[in-house]
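> how would this look folded up:
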Amino acid sequence: MTQVANLVRMKFYLLIFTISFYLLTLHAKSSGFKFQSHKSKASIAHAFILGDKSAISRTQKNDLKTLGALHLLTPSGLHLSSFIALLSFILSITNREKWKIPALIVLGIFLFSIPDFYSLKRTLAFYLLGYFLYQFKNFKNKSHLIFGVIFILDYFLGSYKYSPLSFTFSFLFLGTIIALKDAKKWQFFSFLFLNQVLVSYFFLQKFFILGPIFGFILTGVFGFVFPIGIIAFPFDLITPYEPSNFFFSLFLDLAHFFSLVAQEGPRVMISLWFIVCMLLGLLTQRLRWAIPILICLEAQPLFNLPLSAFKKEPTYSNYKLTPESEIIKVDQVRRGYRSWHPHQIKCNVTLYSYFWEKKCRIHNKTI
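Okay, here's the model as predicted:
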């Protein structure tokens, strides 16, 4: 019976993974993703509670990106779970447990009356629909069905056309949680690790092997910090001290520390073969797939120049570097290449163990 249940979990995850891979492929082929700019003066608490990231520095965003925890800056299922836990605790000590669902319904009416917050709306709809359907015996333990209904409706009638990435990430990670909620812990975290690998592949990001491991720890810490921040947030409005900022600042300091440690570990550029090997290894649960996975990690595209900066043209039996139109000149140096651009911009492209890193400067300032 255990083997049958495990097979069902693997099949459901494979379905989630395949659809997410297709949606990410569509995004990669699209014209690009438009980021909204927030011109209002916001605090760090606004970033974690309201999703206004204007107060978060680039370094802090890069720290969270290194750990695969950038989603903490977008109100989502994790934020809702922390809020529900806080609400349940408050209602339990006041003997008002029956107010929980009405309070969430009021929250849902408010959320659906304002724009954005798509991930939060999606998760709240899933929670409320599951609560009401679980009252019927035929719908108990049918979270897979409820998940499918919510996301099919959301795809055709809801937020996909407004925020396809938010939809895809919610589908991938929430689907993984539902598919593997009864699996062993090592399986659960291994597939979440694979999800982070998939995201890094499509966004051409450097992948720090230790990043997701510290990211899981940081996410667990966030589950405790977020309710404290919510309680302290109203005091930000009536006092000049902004106590919620204090807690979230400590959290970002911890993220920075984890990021520095993760960057000391191995980092690679993910290849499609690595994803295939890891997926097959986790689905079949065979240790023999560890060898292909390690081979895929070592067989990185070391000498593939970044296409955004250079193009290779054949000359006899070799290749020469030709600058693209926006590059004035390019020279080869000891560990890479140096290019000169208009507006006094100079870039250094350095070869590390498994990837190329590009840094540009203008008037001796990094850009």
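> what's stretch 237-255 in contact with?
With contact meaning CB atoms under 8 Å, 6 or more residues apart in numbering, stretch 237-255 is reached by 43-45, 47-49, 56, 60, 63-64, 67, 69, 218, 221-222, 225, 228-230, 232-233, 235-236. In this view, the C-beta of every residue, glycine as well, is placed from N, C-alpha and C.
> Weed out the non-buried ones from the residues you listed.
43-45, 47-49, 56, 60, 63-64, 67, 69, 218, 222, 225, 228-230, 232-233, 236 (16 or more other CB atoms under 10 Å).
> taking the contacts of stretch 237-255 one by one, which sit in helices?
Here DSSP state H is the test, and the contacts of stretch 237-255 give 44-45, 47-49, 60, 63-64, 218, 221-222, 225, 228-230, 232-233, 235-236 as lying in helices.
> After the helix or strand hosting Ser244, heading C-terminal, what element do we hit next?
Assessed by DSSP states H and E, Ser244 sits inside helix 243-263. For helix 243-263, the following helix or strand on the C-terminal side (DSSP H and E) is strand 267-269.
> Partner strands of that next one, with direction?
When pairs are called by DSSP bridges, strand 267-269 turns out to pair with strand 206-208 (antiparallel).
> Can you point out the buried residues in the partner strand?
Buried, per 16+ other CB under 10 Å, within strand 206-208: Lys206, Phe207, Phe208.
> which among those gets closest to Met10?
The closest of the buried residues of strand 206-208 to Met10 turns out to be Phe207 (CB to CB; 23.8 Å).
> for the closest one, what are its contacts?
Gln196, Val197, Ser200, Arg267, Val268, Met269, Ile270.
> And the pLDDT for the third one?
Think Ser200. In this model, Ser200 is scored at 86, pLDDT.
> And the fifth one, by the same measure?
Each residue has a pLDDT score; the one for Val268 is 77.
> That one reaches Gln205, doesn't it?
No. If you go by CB atoms under 8 Å, Val268 and Gln205 don't touch, sitting 10.6 Å apart.
> in this protein, which ranges drop under the pLDDT threshold?
Applying pLDDT under 70 to the chain flags residues 1-2, 4, 26-42, 135-141, 287-326, 334-335, 351-356, 363-367.
> Let me see the domain layout of it.
Following automatic domain parsing, one finds the domains of the chain at 2-31+40-269, 310-366.
> Mean neighbour count, those: which tops it?
domain 2-31+40-269 (a mean of 16; mean count of other CB atoms under 10 Å).
> wait, Pro75 sits on Ser119?
Yes. Using CB under 8 Å, Pro75 makes contact with Ser119 at a distance of 6.7 Å.
> Great, nothing more from me.
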